[in-house]
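> Dropping a prediction and its sequence here:
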Amino acid sequence: MRKIEQRVRFCKLILLVFILGIIVFLVRYKKDSGKWYTQPFNKNLYSGSGELLTGTLTDRYGTILSGVDDGYRYYSGLPLVRTATLHTVGDRNNKIGTGALTNLRDYLVPYNSRKGASAISDRGNEVRLSIAADACVTAYTALDGKAGCIGVYNYKTGEILCLVSAPSYDPNNVPEDIETNEAYDGIYVNRFFHSVYAPGSVFKTLTLQAALEMIPDAASRTYVCEGSVKVGDNTVTCPQKHGKLTLSDAYAVSCNCVFSQLAVEIGGDKMTEYVRKAGLTSSYKIHGISTAKGSFELASSTVNRLGWGGVGLYHDLVNPCSLMIYYGAIANGGKAALPTYLYEVIDQKDRRLDIPETQFTSELVSPDTAASLRIYMKNNMAKSYDSTRFPNVPIGAKSGTVEQQTGKSNSWFAGFIDSEEYPYAFVVFVEHGGSGSRVAGDIAAKVLNTLIAVP
Ligand SMILES: [Zn+2]
């Protein structure tokens, strides 16, 4: 009898474990089956080479960027649209990690837990990206064969309106020498999200921010630039003698002598704190993408290096997307929306599906200082940059020109539109482009003009 009782108890225990296992499975099935379903090992959804065989991607105005026809994935009919949007849409072999075909696949696949594979069609769900294809083409064309990246986004809603990384290629005509030709180095990298570069003078905005808060009379002093100045045990130089300057003048002419001395006066520890607070050393999560973190050595530098660091010309590195968000925060009173390229999702029955709400950064800049920085940045447009190139909207900006050993400088132009109608922040970076305000500034003007001309 005792043996039988023991066996009954054992059987009950096994039954209990089995039932618990079933319950855990059902809960996870309910919660995660959609995600399991869209994994690349599902052969109902992916071709042998890993292409997603359902779902349509369009730009914000409904222009098709990629769809599926008769079980075959196709791209836009226009080579320039295919090339300019490739790093946002994604390639056929999933080598570009930032593409929507990979990162938004949970939205593209019309998953239905009851119908399973029979719910799948060529069209799938229609995912509208927030980018405007024509602005991307303008940006890519304006780069004129140079490497670089361009981002424009709405700092109130987070929608990315233009996103281009170059070099790029036409996914319908992949260059045969793509793996061996130097011109295609880093072609699968989306430079906007994943590269870091020396910031040069676009970093002076952060030094200005710290100076306004840490040095009480910074804005009322008169500065003098002799063309070079001893900072610590070495000199810091300007391309020319700027003479007598207000702080606003010094920022507009991008005076290294003034800004290196301000950085030293603020101190390495405080400068580091400001860089961290501004989000320039953070990684932002955008869909499945983690942006590259910037790196700064201001606190551990010698005095001279801290001086060069304050003008963005030491070893420090910044990611273009983080810089765009920082300028968005200045425009938006201290906090900015986090960027997204997902605009809306329409299912196969033309119903609009829920997408995540806009997320915001922490306070990157105090509201009062952000208001002052907007005035300084708009003054740059009036004093230093050819504002006739820009649309008839108030723009604040800062350029940067970073000398390279090759002799041709890297160019930056970053800023914002101070407008309720067009609340856009932007960053343009061109490798070996030349002058920041001229080359990168021209590209920014062309892209913003295209975005504002769209109905
Ligand atoms: Zn100077």
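Structure's in. What do you need? Residues are numbered from 1 along each chain as shown.
> Tell me which residue is most central in the chain.
Among the residues of the chain, the smallest C-alpha distance to the mean C-alpha position (C-alpha atoms, centre = their mean) belongs to Cys321, namely 2.9 Å.
> Can you check what pLDDT the model gives the residue of the stretch 251-400 of the chain found nearest the ion?
When you check the stretch 251-400 of the chain against the ion by C-beta to the ion, the closest residue turns out to be Cys255, at 3.3 Å. To be clear about C-beta, it is placed using only N, CA and C from the backbone, and glycine gets the same treatment. You'll see Cys255 listed with a pLDDT of 97.
> And for Gly407?
Predicted confidence (pLDDT) at Gly407: the value is 81.
> How many neighbouring residues does it have?
Residue crowding around Gly407 was assessed by other C-beta atoms under 10 Å; the count is 7.
> Can you tell me how far it is from Ser49?
Taken as C-beta to C-beta, to the nearest Å, the spacing of Gly407 relative to Ser49 amounts to 42 Å.
> And for Tyr153?
From Tyr153 over to Ser49 the distance is 32 Å, taken as C-beta to C-beta.
> between the two, which one's more packed in?
Taking Tyr153 and Ser49 together and counting by other C-beta under 10 Å, Tyr153 has the greater number of neighbours (29 against 8).
> just the helices in the stretch 201-350 of the chain please.
Along the stretch 201-350 of the chain, the stretches classed as helices by DSSP state H, counting those that start in this stretch are 204-214, 247-252, 256-266, 268-277, 303-310, 320-331.
> now the angle from the fourth one to helix 256-266?
Between the direction of helix 268-277 and that of helix 256-266, the angle (axes from the mean of the first three to the mean of the last three C-alpha atoms, to 10 degrees) works out to 100 degrees.
> need the contact list for Gln209.
Under the criterion of C-beta atoms under 8 Å, 6 or more residues apart in numbering, the neighbours of Gln209 are 274, 278, 365, 369, 373.
> where does the stretch 351-455 of the chain dip in pLDDT?
454-455 (pLDDT under 70).
> What is the burial count for the closest residue to the residue nearest to the centre of the chain other than its chain neighbours?
Counting by C-beta to C-beta, 6 or more residues apart in numbering, the nearest residue to Cys321 once its immediate chain neighbours are dropped is Thr291, at 4.8 Å. Each residue near Thr291 was counted by other C-beta under 10 Å, and the total is 24.
> For the residue of the stretch 1-150 of the chain at minimum distance from the ion, give me the pLDDT.
Using C-beta to the ion, the closest approach of the stretch 1-150 of the chain to the ion is made by Gly148 at 27.0 Å. In the prediction, the pLDDT value recorded for Gly148 is 97.
> so what's the closest residue to it other than its chain neighbours up against?
The spatial neighbour of Gly148 that comes closest, neighbours along the chain excluded (C-beta to C-beta, 6+ apart), is Val430 at 4.0 Å. Contacts were defined as C-beta under 8 Å, 6+ apart; by that measure Val430 touches 143, 146-148, 410-411, 439-440, 443.
> distance of Val430 from Gly200?
In this structure, Val430 and Gly200 are 12 Å apart, going by C-beta to C-beta.
> again, but for Arg352
When distance is defined by C-beta to C-beta, Arg352 is 43 Å away from Gly200.
> Look at those two and report which has more neighbours.
Neighbours were counted for Arg352 and for Gly200 using other C-beta under 10 Å; Gly200 has more, 24 against 9.
> which phi and psi does the more buried one have?
Summarising the backbone geometry of Gly200 under the convention degrees, to the nearest 10, its torsions are phi 60, psi -150.
> Surely Thr340 and Gly158 touch.
Yes: taking C-beta atoms under 8 Å as the contact criterion, Thr340 and Gly158 are neighbours in contact, 4.7 Å apart.
> what's the overlap in contacts for these two?
Both Thr340 and Gly158 are in contact with Thr358, where contact means C-beta under 8 Å, 6+ apart.
> Number of residues surrounding Val303?
When neighbours are defined as other C-beta under 10 Å, Val303 has 15 of them.
> Kindly report the same for Glu176.
Here the count is done by other C-beta under 10 Å, and Glu176 has 8 residues near it.
> ok, back up a step: is the residue nearest to Gly148 in a bridge, and if so with what?
Going by DSSP bridges, Val430 is paired in beta bridges with Gly148, Ser411.
> Any figure for the gap between it and Val318?
Relative to Val318, Val430 is positioned 15 Å away (criterion: C-beta to C-beta).
> Identify the spatial nearest neighbour of Ala84, chain neighbours not counted.
Spatially, and ignoring its direct neighbours in sequence, Ala84 is nearest to Tyr140 (3.7 Å; C-beta to C-beta, 6+ apart).
> For that neighbour, which residues are in contact?
For Tyr140, the set of contacting residues under the criterion of C-beta under 8 Å, 6+ apart consists of 80, 83-84, 164, 166, 168.
> before we move on, back to that, please report which of the contacts of Gln209 has the highest neighbour count.
Top of these by neighbour count (other C-beta under 10 Å): Val365, with 29 neighbours.
> got the contact list for it?
With contact set as C-beta under 8 Å, 6+ apart, Val365 has these partners: 209, 278, 326, 329-330, 334, 373.
> Gly396 now?
Applying C-beta under 8 Å, 6+ apart to Gly396 gives the contacts 330-331, 373-374, 376-378, 380-381, 415-416, 418.
> ok, Leu206 touching Lys277?
No: contact between Leu206 and Lys277 fails when scored by C-beta under 8 Å: they sit 9.6 Å apart.
> So the two - more neighbours on which side?
Under the neighbour definition other C-beta under 10 Å, Leu206 and Lys277 were set side by side, and Leu206 has more, 25 against 18.
> The more buried one and the ion, how far apart?
Computed as C-beta to the ion, to the nearest Å, the Leu206 to the ion distance reads 18 Å.
> repeat for Glu182
Summarising the geometry, the distance separating Glu182 from the ion, computed by C-beta to the ion, is 37 Å.
> swap in Tyr155?
When C-beta to the ion is the yardstick, Tyr155 and the ion sit 31 Å from each other.
> need the contact list for the closest residue to that residue other than its chain neighbours.
Counting by C-beta to C-beta, 6+ apart, Tyr155 lies nearest to Gly328, which is 3.3 Å off, once chain neighbours are set aside. Residues near Gly328 by C-beta under 8 Å, 6+ apart: 153, 155, 336-337, 416, 425.
> Can you check the pLDDT for Gly328?
The predicted local confidence for Gly328 is 98.
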